[in-house]
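Peer 1: could you work out the structure for the sequence below:
(2 chains)
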Amino acid sequence: MNRRIWLFVFVLTAFSLVATGQALAQEPTPGPSLPSDDQVNAVARQLYCPVCENTPLDVCPTQACAEWRSLIREKLAQGWSADQIKTYFAQQYGDRVLAAPPARGLNWLVYVIPPLAFLLGVFLLYRAFKAWRTPQPAQPVPASAAIDPADEDEYEKKIEEELRKL
Amino acid sequence: MPVDSSDALMPDAAAPQAQEDAQLENQTAGQKSRPHWGRILAWLGLAALLGILFWAIWNQQRPPVSVGQPAPDFSLTTFDGNQYRLSDLRGKVVVLNFWASWCKPCEQEAADLEAAWQHYQPSGNVVFLGAAWTDTEKKSLEYMQKFGVTYPNGPDLGTRISQSFRTTGVPETYIIDQNGKLAYIKLSPFQSLEEIRSAIDPILEK
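Peer 2: Residues are numbered from 1 along each chain as shown, chains lettered A, B, ... in the order given. Next up is the predicted model:
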């Protein structure tokens, strides 16, 4: 009987330990884990250094860029999305930190002109090819504008008369 | 009455010819009077594009503000939330300093600028403003604490203030007189408190 009781206590203890362990394993991690360098660089490469022109933040070697990368890491750790971080950077440091200009104001031209120019080019080429293929019809000349053979003869006669006088 | 033999002999042949001539003339006249809207629009578009292009180039090549010119108006919100607008500070000399925590030359003048602020603050005639250029707030505050900066400082949000002054880097200091005109420009760090005072005092004496 004692053996049975001990066995029951043992199984109960083992079961409790396993259950407690599982419960502990399911507990959420105490705080948000720090984003990796790859995660930071994935956002940083979409932004440009506001000081050294045309240098993406992920490869910029200056101290200022290192600070901005750590700011990105901080914001990612706080749960910000890449778009939120980009918007924040644009507000803080101006639109020039963005890889592509935001579509507002005169910036619209950047997005509108190239496709328009392309379409215009296609249209002009189409017209040119069409004109080359179709033979141009001879332009009709008004009969009144044509030289009357009778008139021509008359002039010839006059010239001949004048020449004879000489 | 004499009759023209050609008209008399071929009346039927001449009439269609005249009709054709009239039709052709009408056609050409119509073509001439109709405006070529496509061409007009294309030229207008091209002119507008060129205008925008020239404006953008002119805007980019604009020289920096110079001494004697009205200083561009700006609004600075400090790190502690206070707002300063240049146009509200008429009657006072405004010392606007652009700096950044990552800028080593800025550190050279930080203590002298603070000392100058401490010197002029009791008179109330001079306002010192610091604009942190492309800096993170955390680092800016650390920098201010490190150098004991107490005069109003805030971020140059969107680099709007520096763009309006067309700054070329940091540190740069612009001193604006009581009438809102630019009176002094320093495109490098001040070397001493005396240098700062020698820049401000003549403006105060005006």
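Peer 1: give the helix, strand or coil label for A:W80.
Peer 2: What DSSP: H, G, I helix; E, B strand; the rest coil gives for A:W80 is coil.
Peer 1: chain B - how does it break down into domains?
Peer 2: B:9-61, B:75-205 (automatic domain parsing).
Peer 1: now render the ones you listed as JSON lines, adding distance to chain A.
Peer 2: Bear in mind the C-beta positions are built from the backbone N, C-alpha and C, glycine included. Listed next are the domains of chain B as JSON lines, based on distance: least, CB to the nearest CB, whole Å:
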{"stretch": "domain B:9-61", "distance to chain A": "5"}
{"stretch": "domain B:75-205", "distance to chain A": "4"}
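Peer 1: least confident of the ones you listed, on average?
Peer 2: Mean pLDDT is lowest for domain B:9-61 out of these, coming in at a mean of 72.
Peer 1: related to what we said a few turns ago, want to throw the domains of chain B into JSON lines with distance to A:G94 and mean neighbour count?
Peer 2: Conversion of the domains of chain B to JSON lines gives the following (distance: least, CB to CB, whole Å; neighbours: other CB atoms under 10 Å in any protein chain shown):
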{"stretch": "domain B:9-61", "distance to A:G94": "15", "mean neighbour count": "10"}
{"stretch": "domain B:75-205", "distance to A:G94": "4", "mean neighbour count": "18"}
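Peer 1: state the distance from the residue nearest the centre of chain A to A:N107.
Peer 2: With distances taken as CA atoms, centre = their mean, A:A100 lies nearest the centre of chain A, 6.3 Å away. For A:A100, the distance to A:N107 (CB to CB, to the nearest Å) stands at 9 Å.
Peer 1: turn the domains of chain B into CSV, columns for distance to A:Y155.
Peer 2: Formatted as CSV, those follow (distance: least, CB to CB, whole Å):
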stretch, distance to A:Y155
domain B:9-61, 22
domain B:75-205, 77
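Peer 1: of the ones you listed, which is nearest A:T134?
Peer 2: Across the domains of chain B, A:T134 has its closest neighbour in domain B:9-61 (18.7 Å, CB to CB).
Peer 1: and A:Y111, what does it touch?
Peer 2: By CB atoms under 8 Å, 6 or more residues apart in numbering or on different chains, the contact list for A:Y111 reads A:A103.
Peer 1: counting neighbours, which bits of the helix or strand harbouring it end up buried?
Peer 2: Assigned by DSSP states H and E, A:Y111 belongs to helix A:108-133. In terms of neighbour count (16 or more other CB atoms under 10 Å in any protein chain shown), helix A:108-133 has its buried residues at A:L109.
Peer 1: what's the first helix or strand after it?
Peer 2: helix A:149-165.
Peer 1: A:D38: neighbour count?
Peer 2: Here the number of neighbours of A:D38 (other CB atoms under 10 Å in any protein chain shown) works out to 8.
Peer 1: which residues of chain A lie near chain B?
Peer 2: Contact residues (CB under 8 Å from any CB of the partner chain) of chain A with chain B: A:50-51, A:62-64, A:67-68, A:71, A:90-96, A:106, A:109, A:113, A:140, A:142-144.
Peer 1: could you tell me which of the residues you listed count as buried?
Peer 2: Here, 16+ other CB under 10 Å leaves A:P50, A:V51, A:A64, A:E67, A:W68, A:L71, A:A90, A:Q92, A:Y93, A:G94, A:D95, A:L109 buried among the residues of chain A next to chain B.
Peer 1: which residues does the last one contact?
Peer 2: Taking CB under 8 Å, 6+ apart as the contact definition, A:L109 lies against B:I52.
Peer 1: that one and B:L49, how far apart?
Peer 2: Counting by CB to CB, the gap from A:L109 to B:L49 is 8 Å.
Peer 1: so for chain B, the centremost residue is which one?
Peer 2: Nearest to the mean C-alpha position of chain B, counting by CA atoms, centre = their mean, stands B:S164 at 5.6 Å.
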